[in-house]
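1. Output the structure for:
(one chain, ligands or ions: 1)
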Amino acid sequence: MDLNDSGRSRITRRDFLKAGLLGGGATAVAATLGQGEAHAAHDHRLPPGAQPTPTPEGYTDHDTGGAHGGMGTVGRVDHTRNGFDPQTLLQDWDFGEVSTLPNGQTLRQYSIVAVDKEVEVAPGVFFPGWVYNGRVPGPTLRCVEGDRIRIDFFNGGSHPHTIHFHGIHAASMDGVPGVGPGAIEPGGRTVYEFDAFPFGCHLYHCHATPLKRHIHKGLYGGFIIDPDPARHPGDDQALARSRNHLYDENKVVNEMVMVMNAFDTNFDGDNEIYAVNSVAFAYMNDPIRIRRDQRQRLYLINITEFDPINSLHLHANFFDYYDHGTTLRPTHHTVDTIMQCQAQRGILEFDFKGFEPGLYMFHAHQSEFVELGWMGFFEVTA
Ligand SMILES: [Cu+2]
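-> Numbers count the residues shown, from 1 in each chain. Next up is the predicted model:
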C-alpha cells in the first residue's frame, strides 16, 4: 500500500496481484494472469541436446500449477466478440478510398468514428474503452509521402474527442481543443485534411482533455507514410521501393504493426494489463508465424499511458532500427532491445535466415509488463 496525494491509502497493482497470489480477495485480473516469478526466458538458455523449446502451452498457468513459474492466462479472449483479432491487426492496413485530384495528387479518404465500446483485454477482463472504428488500436492508416489525406471524423461516443495526427500539417488540422474545429462534441463531425509528410512510422490519437484518460481509453492507431521512390533518387530509390506498398519490392517483405498499449482496469492511474495490439498474451497463445528466410519489417509504436517507457526485446536475434521510420537507412544497427517513450515509434527489420525453426520470444524488457501480458512468440518455419 502507499499513499496518494490526498493522504488516503490506495491499493497498488502490486498489492492487487499479491492479494490474488495469496488467495485472498482474488479478482478477475489476478485469477487470469500468471503469478509468481517469470521463467519466460529459460528455455532459450538450454544447452544443445536438452529439452526442445516447449509449445506456448507450456507457459500457461494450468500446466505449472501457478505456484511458481506460471505465465500467461487461463482461457482465451473471444476475438469474435471483440470484433477484432490480434493476428489480423498485424497487417490490415487501411489505404483509404483512393482517387486522383485534378492536380494529379493522390487523394486518400478515410472514415473514422469514435464510439464507446467494451473490449476484452484478458480472458474475462472487460475494459470500458473509447475506440476508433470499433477496435483498439484503431485502423492502421497507410498512405504514400505527398498524398492528400482527408479524414471524415464522426464522434459517436459519449465524450468530446478529436484526432491528433503526428505529422506535418496546419495548426487548424492539429486536432487539439481550442484550435481549428477543436474538441468535437458527441454527435459532431469534422474533416481533417493535409498532405502526408514526412514518410515514416507515425500515429494518431485523441487529444481531448484529460489527455491521459482519452488516450488510455483506447483512442489511438498507427499512421504509416510510405516513402515515394520518385522523391529519393540514387541509391535510396531501391530502399524507398522496399518500403512502399505499391511496389513489388515491398511485397516480398513481411510487414507487421504492433502498438504497445496497456489498460488501467481499476482506474487507479496504474496499468493492470499490458499488451501489443491490446490483448494480453495474444501472440503467446497464438504465435505469429513467419518464414525464416523472409525479411521482417515491424512497425512498432508505443502509446502506453501512465508508464514513462516501454520496450521490445527480441530473443536469440538482433535487428536494425529506424527511429520514427523517417530515414531510409537504419539509425541503430544490430540491437536486440529498443526503448520508446509514449508516442515514440520506429521500424525494426530482421530475418531468421539459417536459424533453427521454432518459437522465438519477444517481449517488453520491463519484466513486470511481461508478467501482465506483454509477451509473444514468433513461430519461425523453414
Ligand atoms: Cu477523446
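2. which residue ranges form the helices in the stretch 1-150 of the chain?
-> In the stretch 1-150 of the chain, helices defined by DSSP state H, counting those that start in this stretch lie at 13-21, 28-32, 61-64, 79-82, 86-89, listed in chain order.
3. For the last one, output the C-alpha coordinates as PDB.
-> Pointing back at helix 86-89 there. Once non-C-alpha atoms are left out, helix 86-89 reads as follows in PDB (Å, rounded to 0.1, in the frame of the first residue of the first chain):
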ATOM      1  CA  PRO A  86      -4.800  -9.500 -32.900                       C
ATOM      2  CA  GLN A  87      -3.500 -11.700 -35.800                       C
ATOM      3  CA  THR A  88      -5.500  -9.700 -38.300                       C
ATOM      4  CA  LEU A  89      -4.500  -6.400 -36.700                       C
END
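4. Which elements pack onto it?
-> helix 282-285 (3 or more CB pairs under 8 Å, 6 or more residues apart in numbering; DSSP states H and E). Just so you know, the C-beta spots here come from the backbone N, C-alpha and C atoms, and that holds for glycine as well.
5. hey, what's the residue of the stretch 1-150 of the chain found nearest the ion bridged with?
-> Closest residue of the stretch 1-150 of the chain to the ion, CB to the ion: residue 130 (6.0 Å). Per DSSP bridges, residues listed as beta-bridge partners of residue 130: residue 116.
6. just checking, it touches residue 119?
-> No - the pair residue 130 and residue 119 fails to qualify as a contact (CB atoms under 8 Å) at a distance of 10.0 Å.
7. coming back round to it: count of neighbours near the residue of the stretch 1-150 of the chain closest to the ion?
-> A count of nearby residues for residue 130, using other CB atoms under 10 Å, gives 24.
8. now it: how far from residue 120?
-> Plainly put, residue 130 is 16 Å away from residue 120 if you go by CB to CB, to the nearest Å.
9. So in terms of bridging, what pairs with the residue of the stretch 51-200 of the chain found nearest the ion?
-> Relative to the ion, the nearest point of the stretch 51-200 of the chain is residue 161 (3.5 Å; CB to the ion). Counting by DSSP bridges, residue 161 is bridged to residue 184.
10. ok, now which ones touch it?
-> Residues in contact with residue 161, defined by CB atoms under 8 Å, 6 or more residues apart in numbering, are 114, 130, 155, 183, 184, 206, 208, 214, 219.
11. got the contact list for residue 168?
-> Applying CB under 8 Å, 6+ apart, the residues near residue 168 are 194, 195, 197, 198.
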